[in-house]
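Undergrad: I need the structure of the sequence given here:
(chains A and B)
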Protein chains: 2
Amino acid sequence: MTSTVPSSVDPAEIRDVLDGRWAHVRRDARDNLHDEEFLPVYGESVLQARERVTRMAKKLADSGRVGLGFPKEYGGQADSGGSVTSIEMLAFGDLSLMVKAGVQWGLFGGAVQLLGTKRHHDAYLRDIISFDLPGCFAMTETGHGSDVQQLRTTCTYDPETQTFDLHTPHEAARKDYIGNAAKDGRMAVVFAQLITQGTNHGVHAWLVRIRDEQGNPMPGVTLGDAGPKAGLNGVDNGRLTFDHVKVPRDMLLDRYGQVAEDGTYTSSIGNETRRFFTQLGTLVRGRVSVGGSAGSATKLALDIAVRYGDIRRQFAAPGEGREIVINDYLAHQRKLLPALATTYALHFAQGELVSQMHDVQTAVHEHGEEIDEAAQRELESRAAGLKVAQTWHATRTIQLCREACGGAGYLQENRLPHLKADTDVFTTFEGDNTVLLQLVAKGLLTGYRDTFGSLDGWGRIGFIADLVRETVLERTAARGLIQRLVDAVPGRDDDVPMLDRGWQLKIFEDREKHVLEGAIRRLRKNAATDGMKPFDMFNDVQDHVLRTAQAHVDRVVLEAFVAGIERTTDAGAKALLEKVCDLYALSTIEQDKAWFLEHDRLTPTRAKMLTATVNQLLHELRPHMITLVDAFAIPQAWKATAILREEHDRQEAMAARDAAVRAEAEGAQTPSASATDLEVAPAQ
Amino acid sequence: MTSTVPSSVDPAEIRDVLDGRWAHVRRDARDNLHDEEFLPVYGESVLQARERVTRMAKKLADSGRVGLGFPKEYGGQADSGGSVTSIEMLAFGDLSLMVKAGVQWGLFGGAVQLLGTKRHHDAYLRDIISFDLPGCFAMTETGHGSDVQQLRTTCTYDPETQTFDLHTPHEAARKDYIGNAAKDGRMAVVFAQLITQGTNHGVHAWLVRIRDEQGNPMPGVTLGDAGPKAGLNGVDNGRLTFDHVKVPRDMLLDRYGQVAEDGTYTSSIGNETRRFFTQLGTLVRGRVSVGGSAGSATKLALDIAVRYGDIRRQFAAPGEGREIVINDYLAHQRKLLPALATTYALHFAQGELVSQMHDVQTAVHEHGEEIDEAAQRELESRAAGLKVAQTWHATRTIQLCREACGGAGYLQENRLPHLKADTDVFTTFEGDNTVLLQLVAKGLLTGYRDTFGSLDGWGRIGFIADLVRETVLERTAARGLIQRLVDAVPGRDDDVPMLDRGWQLKIFEDREKHVLEGAIRRLRKNAATDGMKPFDMFNDVQDHVLRTAQAHVDRVVLEAFVAGIERTTDAGAKALLEKVCDLYALSTIEQDKAWFLEHDRLTPTRAKMLTATVNQLLHELRPHMITLVDAFAIPQAWKATAILREEHDRQEAMAARDAAVRAEAEGAQTPSASATDLEVAPAQ
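TA: Below you'll find the model as predicted:
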């Protein structure tokens, strides 16, 4: 269905589509974030990295680019989407600085803003924004990462002293991996079990001072250092242990739960689990930022590998003198182009997610509306699913780009090692990816909860069921358009051309439905099996359950891409994006080809045709590879990559002087190897 | 066909099978390589790392464990297989030291030994073994890595002065990524085009002094530093440029090609390309070592992740108090167990390869026999294929283990970041993996060369054709046994149980044949297409060609596993290995399930049964996970992993004191989450 792509497409036209709703924030970063110190530095010690990044964080605060997400009355712009977008742009620089910013203004500042009330805002927000009050977000414990409801730290109210007693009962309950804890943090938002009048009301958050002005630990607070990490060594991750630390009553961040002087607990949200999820829900911004930042790192890695592949030559064409640029090899295109297409698809999905988050949070925190729990749940599920897709895609793609640059990709001066090491943790922080996929799946399954009624283990999350039912196959943006495309698919699937967008959408949707229903059937069967433990009922189908989440995310991403193309006005840009979308859709189907064959969605003949069609798309997209990375509009100054500076000169020098060399050899014939006649160098 | 596995299997019995032919070398390392300084150090600067590793290299030389591969008359043991095995054991320690050793005693020393003659051996081998003469292996150039035959550096003989003129014609011809070049190297084996009497005789090697005793560069030699790398920062990789450097005639490593005083060139190998390949062929040892070292790093990573997963708990089972150890989750088993099974399979294949290499090299270099070129080609193809399989498996598996340990896996103190960063380059050095796969495929295709006669681009490598024809489906060890198993497969495939080893072997073999024949059909078709350029004829099917190599390697690896089991005497160990082999075979088929469905080797019903069977195997192997890593017999002292020391105590502390905490809360009910009711912590 895609029209032919003109030989030359203006990358600026594509850039404008990618920039989307917060284009002004992206432009501002490209035009003004040119401080060389924001770029990564290599070979420094952990100490040096921390010092530098602390300085940079202050510099960033002074630039006034960190407050977007905060209320206007404290110098912010009440622009939730803008704040996430600015973090995404920061991720093109030193990722330690991005994470440091995320900790200070996203997690720490965000928690004070969203879980605290006016007295906390008045007292602290300005200093938080200016980085005069560096802080920590102390949730995870050594013994409990993903399972936040099970945190062991306690905070017990004593009416006598009008204070809380914050305590770490044992080593496994120490707060761990906490950013800003090892060096800079002065205060911390600490999550613990709130106990008053002998009752545990579940996890709440307190604002606790951990260091005095001189930087010495406060009484009862033990500070630890997580030490050197695989990457992000500019961030001072540490550990916090509390030995019966006294916390004033008014330091409870009490937006969703209050404790009176006499210790009486009150909350607008009766159900405890619901209250817990509501508090966590306000913190979705962090997870959205990680997904977006992973996207930026992926774009930069692809920018480097694609440009390198366009100038790097290996092996002469048989019977010809010319050596082949490696982007001309099918195997190289097979690596880079599907990754590039997926990066585009995820970019559009991310844009939709940020918009959705912005609207939900603005309604509540700016216009003071009631939380729309359906929208909130959908937002959290979408944020979880995309964080998984973005971060695993980043890990895979950056690795692939590293290898595509050979030995040069292993040198720090070429940036890829840094991108790889720094983004690695993204797959397990802000929620372990596997656990998050399960969260997405749960959302889909609970939509069907009624169908497996009394199945134990699902009972408890009943209150979510009605809220997320509609998330199953709920339409993404451009609902109408997608429905039209799907409905327009003619005749039997086998006859439909694979480039028919409607067929692609239909088969993604069909897989999601089928996989989900299959998982439910199996869960019901297990539920009906005598003597099967609830855990085993679930664990027996865990791989199937995770697959439902994967299929769901794939569908959401494809629909976002289609919606993005719809917004494209320039004909050339639109035609090129259509091709890229075809490649994303078909290479995604190709990856899961076994499923489609197994479930008779593809005949063997059509499956073979699929591979041929993907190769044909690679062939058609090859001439546009550079355009597609140009469209990311990454300023030259942000790339700081030696090979891109040197390689081109080298190639020219080599070509120019080879003649001379041969002359030097007085008509000697150099033995010539060919691209089909390979021998390989031992290592260095 | 596997018998039931006893509830407890003695890991020592499995270890003995894994240790194989060079068990004595492995035992010696386990018993004696306990110098703490051989372990990695974290957070040090590049300078510190280099200093330490240089010291350690000297210490290693003094231990007398580096000479195994050298001739007895120079203090070696003429044990080629033993030398590779000792490098493999070294890889459990600091990988920078392993690579430094590989450069000094494998590549540099190996080249002097195998390409040089008695006068070179007498003059240098003792000092090389003792590390009094640190050296470089200078082959790769900035502009030419994989395509060694195209090296641009020239070495031109001048009868007047009886010297060679070694010259770097332009920047792209500088030697790059050279180990020992930035700091320690005194001499280098330099590869360049040999030109004499106006004729270029192709790439040869010279032994060239690059630094004087004080460490200053020799006249005309420019030394560069590759700077900080993603890992292996203890190795001083650098760059070498030669400006008309005079090299004495007798410094040509002239085993395969000699230049007389008057400049007359002579060689026992007439064909130039053949001579070139023969010289490279002697250097296969390096590639074999990288594969083995990747295997060691993978075992250590799995050892860490499997033990962590056995004590780490997350989420309570629904309706029960107990929290689940993460190894009990199906999704976690799906990650770790197939990787573990593949690691076993590759270990057996590696053992076979080392034996093969030892026998081929001993025949030539010890017993002075003629090179058996068939055996040599087969060895090179096997070495290339296994290097690819081992290093990509290492990259994937170490990443997976990092993620399986969550945030803890990101801390240097837990070893995984170091394993990941240091092994990363293995996929592109000693030959880029994609290029090596192509080399393997070429070997298979040339075996069929006659069938596509005049196809240009294949013509030149004709001389290999007859030599490698038999490598297609040539049997690995235990030929007879495997043939018997395959022949014994009863009836139609659909009826055969999937645990029938014969069926597994047959379907691997069948896929290899079919994919290969398909590639050849397509190549012939392209060759017959008018106006198609030779490069396009080949490039059009490159993905298919690479697949043939992959299928070949999979088959070779499975057959090696089967042969290894055959050598197992202990009944329990044998039964367990049979299960592990089933998992390797079936999860490998599962990964390529689409192909088997597409080509009607699996019915949809049987494909679904395959997934169920794999899950069943995971269930049966779960109780043996620890035994399977115990069998790697990695000494406790080599692990140096904080989580393995701390986690167990933590878990106990937590369990023990949770009661007390609850009491403290005076009968408060802690809200309980369940494994099926997930919520996830934002990041730190």
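Undergrad: Now for A:Val486, how many residues are close by?
TA: 18 (other CB atoms under 10 Å in any protein chain shown). Bear in mind the C-beta positions are built from the backbone N, C-alpha and C, glycine included.
Undergrad: Just after the host helix or strand of it, pick out the following helix or strand.
TA: According to DSSP states H and E, A:Val486 maps onto helix A:479-487. Following helix A:479-487 in sequence order, the next helix or strand is helix A:501-527 (DSSP H and E).
Undergrad: can you tell me if the helix or strand that that next one is followed by touches chain B.
TA: Sequence-wise, the next helix or strand downstream of helix A:501-527 (DSSP H and E) is helix A:534-539. Yes - residues of helix A:534-539 contacting chain B under CB under 8 Å from any CB of the partner chain: A:Pro534, A:Phe535, A:Phe538, A:Asn539.
Undergrad: Quick check: the second one touching B:Glu320?
TA: Yes - look at A:Phe535 against B:Glu320 with CB atoms under 8 Å: they come within range, at 7.2 Å.
Undergrad: contacting residues around the helix holding A:Val486?
TA: Residues outside helix A:479-487 that contact it (CB atoms under 8 Å, 6 or more residues apart in numbering or on different chains): A:Arg475, A:Thr476, A:Arg501, A:Gly502, A:Leu505, A:Lys506, A:Glu509, A:Glu559, A:Val562, A:Ala563, A:Glu566.
Undergrad: If you count neighbours, what's buried in that helix?
TA: Residues of helix A:479-487 classed as buried: A:Leu481, A:Ile482, A:Leu485, A:Val486 (neighbour count, 16 or more other CB atoms under 10 Å in any protein chain shown).
Undergrad: and A:Gly64, how many neighbours does it have?
TA: A:Gly64 sits with 12 neighbouring residues when counted by other CB under 10 Å.
Undergrad: next one: A:Asp600
TA: Neighbours of A:Asp600 (other CB under 10 Å): 9.
Undergrad: Can stretch A:125-144 be said to contact chain B?
TA: Yes - residues of stretch A:125-144 are located near chain B by CB under 8 Å from any CB, namely A:Cys136, A:Phe137, A:Ala138, A:Met139, A:Thr140, A:Thr142, A:Gly143, A:His144.
Undergrad: Ramachandran coordinates for the fifth one?
TA: Pointing back at A:Thr140 there. phi -60, psi 140 (degrees, to the nearest 10).
Undergrad: pLDDT wise, what is the most centrally placed residue in chain A at?
TA: The residue lying closest to the centre of chain A (CA atoms, centre = their mean) is A:Gly291, at 1.5 Å. We have a pLDDT of 98 for A:Gly291.
Undergrad: Apart from its chain neighbours, what residue comes closest to it?
TA: A:Gln390 (3.9 Å; CB to CB, 6 or more residues apart in numbering or on different chains).
Undergrad: Against chain B, how distant is the one you found?
TA: Taking CB to the nearest CB, to the nearest Å as the measure, A:Gln390 falls 14 Å from chain B.
Undergrad: who touches that residue in this structure?
TA: So A:Gln390 contacts A:Val290, A:Gly291, A:Gly292, A:Ala294, A:Gly295, A:Thr298, A:Leu346, A:Gln350, A:Phe426 (CB under 8 Å, 6+ apart).
Undergrad: Neighbour-wise, which one of those leads?
TA: Counting neighbours by other CB under 10 Å, the top entry in the contacts of A:Gln390 is A:Val290, with 33 neighbours.
Undergrad: Next up, identify which helix or strand it is on.
TA: Short version: A:Val290 belongs to helix A:284-311, going by DSSP H and E.
Undergrad: which other helices and strands contact the helix or strand following that helix?
TA: Counting by DSSP H and E, the next helix or strand C-terminal to helix A:284-311 is strand A:313-316. Applying 3 or more CB pairs under 8 Å, 6 or more residues apart in numbering or on different chains; DSSP states H and E, we find strand A:313-316 packed against strand A:323-325.
Undergrad: coming back round to it: determine how far the helix holding A:Val290 lies from the middle of the whole chain.
TA: 10 Å (CA atoms, centre = their mean, to the nearest Å).
Undergrad: What of stretch A:530-548?
TA: That offset, for stretch A:530-548, works out to 28 Å (CA atoms, centre = their mean).
Undergrad: Would you mark the buried spots in it?
TA: The neighbour-count criterion (16+ other CB under 10 Å) identifies A:534-535, A:537-548 as the buried residues of stretch A:530-548.
Undergrad: Now it: average pLDDT?
TA: Mean pLDDT, computed over stretch A:530-548, is 92.
Undergrad: Please save the CA atoms from that stretch in CSV.
TA: Extracted as CSV, the C-alpha positions of stretch A:530-548 are listed here (Å, rounded to 0.1, in the frame of the first residue of the first chain):
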residue,chain,number,x,y,z
ASP,A,530,-7.4,-30.5,42.2
GLY,A,531,-4.4,-30.1,44.5
MET,A,532,-2.6,-27.6,42.3
LYS,A,533,-1.2,-24.8,44.4
PRO,A,534,-2.2,-21.3,43.4
PHE,A,535,1.5,-20.5,42.7
ASP,A,536,1.9,-23.5,40.4
MET,A,537,-1.4,-22.7,38.6
PHE,A,538,0.2,-19.4,37.7
ASN,A,539,3.8,-20.4,37.3
ASP,A,540,2.9,-23.3,34.9
VAL,A,541,1.8,-20.7,32.3
GLN,A,542,4.2,-17.8,33.1
ASP,A,543,5.9,-18.0,29.7
HIS,A,544,2.5,-17.8,28.0
VAL,A,545,1.4,-15.0,30.2
LEU,A,546,4.5,-12.9,29.4
ARG,A,547,3.9,-13.6,25.7
THR,A,548,0.5,-11.9,26.0
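Undergrad: Contacts for that stretch, please.
TA: Stretch A:530-548 is contacted from outside by A:434, A:437-438, A:441, A:444-445, A:455-457, A:512, A:515-516, A:518-519, A:522-523, A:526-527, A:529, B:317-320, B:324, B:328-331, B:334, B:611, B:615, B:674-676, using CB under 8 Å, 6+ apart.
Undergrad: show me where the stretch 151-300 of chain A has strands.
TA: Taking DSSP state E, counting those that start in this stretch, the strands of the stretch 151-300 of chain A run over residues A:154-158, A:163-167, A:175-178, A:187-196, A:199-209, A:221-225, A:238-242, A:245-248, A:258-259, A:265-266.
Undergrad: Using JSON lines, lay out these together with distance to chain B.
TA: What follows is the strands of the stretch 151-300 of chain A, written out as JSON lines (distance: least, CB to the nearest CB, whole Å):
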{"stretch": "strand A:154-158", "distance to chain B": "6"}
{"stretch": "strand A:163-167", "distance to chain B": "8"}
{"stretch": "strand A:175-178", "distance to chain B": "5"}
{"stretch": "strand A:187-196", "distance to chain B": "5"}
{"stretch": "strand A:199-209", "distance to chain B": "4"}
{"stretch": "strand A:221-225", "distance to chain B": "11"}
{"stretch": "strand A:238-242", "distance to chain B": "9"}
{"stretch": "strand A:245-248", "distance to chain B": "15"}
{"stretch": "strand A:258-259", "distance to chain B": "14"}
{"stretch": "strand A:265-266", "distance to chain B": "12"}
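Undergrad: Now A:Ala230. Nearest residue, chain neighbours left out?
TA: Excluding its sequence neighbours, the residue lying closest to A:Ala230 (CB to CB, 6+ apart) is B:Pro417, at 3.3 Å.
Undergrad: same deal with A:Val5?
TA: Nearest one to A:Val5, counting by CB to CB, 6+ apart, is A:Ala575 at 4.5 Å.
Undergrad: Show me which residues of whichever strand or helix holds the one you found are buried.
TA: A:Ala575 belongs to helix A:571-591 when assigned by DSSP H and E. By 16+ other CB under 10 Å, the buried positions in helix A:571-591 come out as A:572-590.
Undergrad: Could you list every helix and strand that that helix packs against?
TA: Helix A:571-591 sits against helix A:11-19, helix A:330-365, helix A:501-527, helix A:542-566, helix A:604-621, helix A:625-630, with contacts defined as 3+ CB pairs under 8 Å, 6+ apart.
Undergrad: change it to 7 Å
TA: helix A:11-19, helix A:330-365, helix A:542-566, helix A:604-621 (3 or more CB pairs under 7 Å, 6 or more residues apart in numbering or on different chains; DSSP states H and E).
Undergrad: Many thanks, have a good one.
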